[in-house]
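> No letters, just coordinates:
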């Protein structure tokens, strides 16, 4: 099957990482992918080494008719059967590029909540016009219907994201050694970018840390992730809590990192405190590495963890509940080990790249045969 995937950029984010995993493994599932990007980014070298054809274009306008014409030429020359975008701007350009092409099906991914009115209006236009809307979780599909009034009941399917275990193999680099953290010191980590929009909730984790570090004097915490323009105050609020409570030497703000597998491999507990999500690939990554998870109890997290069967959950925004759960888990290695073994087995079956691609290939085939 000849597939075109369009990304607006090749920056380091959850969607881009998921697409990279797909590109690296697509051939094993009969998918011949052409990856087109409308701009570059830090993951461009990885995409070029992924085994698929990579074409870099440049989007100069919000609606760039020249970009659409370039996409149309690529689709026709390569006899693309399915063209897929991952957000509204990509979907709109693929809609323009494929109009009148009878042998091309279009798919639009829905990876998270809708950022603004412009994107909402675009999605309302696109959802009934594409051949398939792929949602990364059932809870996201329902959220978009209830909160954004999108018609998510039509032309829809749900396919969980999945991480590639090969990508998650560490290089042997030690974050503990780099930061001067002892091998036996309890280590908490949250790997997530700081966004302007209400997505991640680093603040609740930061507020939980004074109590955790009083109970566990050797404990450390890592925040790894970039800071989106306009989100600087969110990171500053977290740092301010650490400074006021005298724990700044044990809380480490690392910024954007390229060694996430190495960091994951040395964590005792992974926290994903969020306000809104689609289906974060970070959950499958942590499960596949074997790191016990503590998740805020938003619907996508409950869906991913089977209502807390494969992770510990806490009430969203409740720093006291989070600190109590962290202290409990960090004080009992046997509980952590049992949780990580069960979660890893579940993720290998349901949230790995192979699971994702099996479902995706079957769905693509059904689209072509329709």
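The structure has been received and is ready for your questions. What you are looking at is a predicted structure, and each value in this text was computed from that prediction instead of being measured. Numbers count the residues shown, from 1 in each chain.
> Determine the set of other helices and strands touching the helix or strand containing residue 270.
Element membership for residue 270, per DSSP states H and E: strand 269-272. For strand 269-272, the contact count by 3 or more CB pairs under 8 Å, 6 or more residues apart in numbering; DSSP states H and E identifies strand 187-191, helix 281-289, strand 293-296, helix 319-330 as packing neighbours. Using the backbone N, CA and C atoms, a C-beta is placed for each residue, glycine as well.
> Any chance you could list what contacts stretch 117-125?
By CB atoms under 8 Å, 6 or more residues apart in numbering, the residues outside stretch 117-125 that reach it are 87-89, 91-92, 110, 114, 148-151.
> Which of the residues you listed are buried? Put it as a ChimeraX command.
Selecting only the buried entries of the contacts of stretch 117-125 in ChimeraX, with 16 or more other CB atoms under 10 Å as the criterion:
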select :87,88,89,91,92,110,114,150
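> of the contacts of stretch 117-125, the lowest pLDDT goes to which?
Among the contacts of stretch 117-125, residue 114 has the lowest pLDDT, at 80.
> hang on, that residue in a helix?
No. Looking at residue 114 with DSSP: H, G, I helix; E, B strand; the rest coil, it is coil, so not inside a helix.
> how long is stretch 254-273 end to end?
With CA to CA, to the nearest Å as the measure, stretch 254-273 spans 17 Å from end to end.
> Kindly report the same for stretch 305-324.
Stretch 305-324 has an end-to-end distance of 20 Å (CA to CA).
> Same question for stretch 18-33.
End to end - CA to CA - stretch 18-33 spans 14 Å.
> Ok, stretch 275-283 next?
By CA to CA, the extent of stretch 275-283 from end to end equals 15 Å.
> circling back: just say which of the helices and strands packed on strand 269-272 is most tucked in.
Neighbour counts averaged per stretch over those are highest for helix 281-289, at a mean of 27; criterion: mean count of other CB atoms under 10 Å.
> just checking, what packs against that helix?
Counting contacts by 3+ CB pairs under 8 Å, 6+ apart, helix 281-289 packs against helix 14-25, helix 260-265, strand 269-272, strand 293-296, helix 299-304, helix 333-350.
> Just give the strands next to the helix or strand just after the fifth one in its sheet, each with its orientation.
So that's helix 299-304. Moving toward the C-terminus from helix 299-304, the next helix or strand (DSSP H and E) is strand 312-314. Applying DSSP bridges to the sheet, strand 312-314 is found paired with strand 293-296 (parallel).
> hmm, who's touching the strand it pairs with?
Contacts for strand 293-296 (CB under 8 Å, 6+ apart): 201, 204, 269-275, 283, 286-287, 301-302, 304-305, 308, 310-317, 322, 325-326, 329, 339, 343.
> cutoff 6 Å now
Identification of contacts with strand 293-296 by CB atoms under 6 Å, 6 or more residues apart in numbering yields 269-274, 286, 301, 311-313, 316, 325.
> sorry, back to before: quick check: which of the helices and strands packed on helix 281-289 is nearest to residue 247?
strand 269-272 (15.6 Å; CB to CB).
> picking that back up, any idea which of the contacts of strand 293-296 is closest to residue 70?
Checking the contacts of strand 293-296 against residue 70 with CB to CB, the nearest one is residue 274 at 36.4 Å.
> Alright, I will stop here.
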